[in-house]
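1. got a sequence here, can you build the structure:
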Amino acid sequence: MSIMERIESFRITDPLMKFTTGLELVLEKLQEWETNAARHVSVQEQMTTVSSLVIEWRKMELDGWKQSLNSVAHKVRQSATKYW
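-> Numbers count the residues shown, from 1 in each chain. Take a look at the predicted model:
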């Protein structure tokens, strides 16, 4: 509950990766619960949902890094053309 309360306290303008890290902590606790709890109190469905969201957000992060690197490479190429 404390992790969820912390995530809920984030502002909407906070970086997405802050939320992602929080959800990864929740996922860790869900996995711990699933390992130790009885079958009739399974949280597998919730784990699947949280996992999908974390994966989607991490893919977005990687795509953002790729775009940033491409942008820097383009700027370097443009600045280098004045010497050719």
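2. sort out which residues of the host helix or strand of residue 69 are buried, please.
-> Assigned by DSSP states H and E, residue 69 belongs to helix 44-81. Going by neighbour count (16 or more other C-beta atoms under 10 Å), the buried part of helix 44-81 is 47, 50, 54, 57. For every residue, glycine as well, the C-beta is placed using N, CA and C.
3. ignoring the adjacent residues along the chain, who's closest to the first one?
-> Of all residues not flanking residue 47 in the chain, residue 30 sits nearest, at 4.7 Å (C-beta to C-beta, 6 or more residues apart in numbering).
4. got it, and the last one?
-> Counting by C-beta to C-beta, 6+ apart, residue 20 is the residue found nearest to residue 57 once chain neighbours are left out, at 4.5 Å.
5. got the angle between the helix or strand where the one you found lies and helix 44-81?
-> Here residue 20, judged by DSSP H and E, is contained in helix 16-36. Counting by axes from the mean of the first three to the mean of the last three C-alpha atoms, to 10 degrees, helix 16-36 points 150 degrees away from the direction of helix 44-81.
6. please state the offset of helix 16-36 from the chain centre?
-> Using C-alpha atoms, centre = their mean, to the nearest Å, the mean C-alpha position of helix 16-36 is found 11 Å from that of the whole chain.
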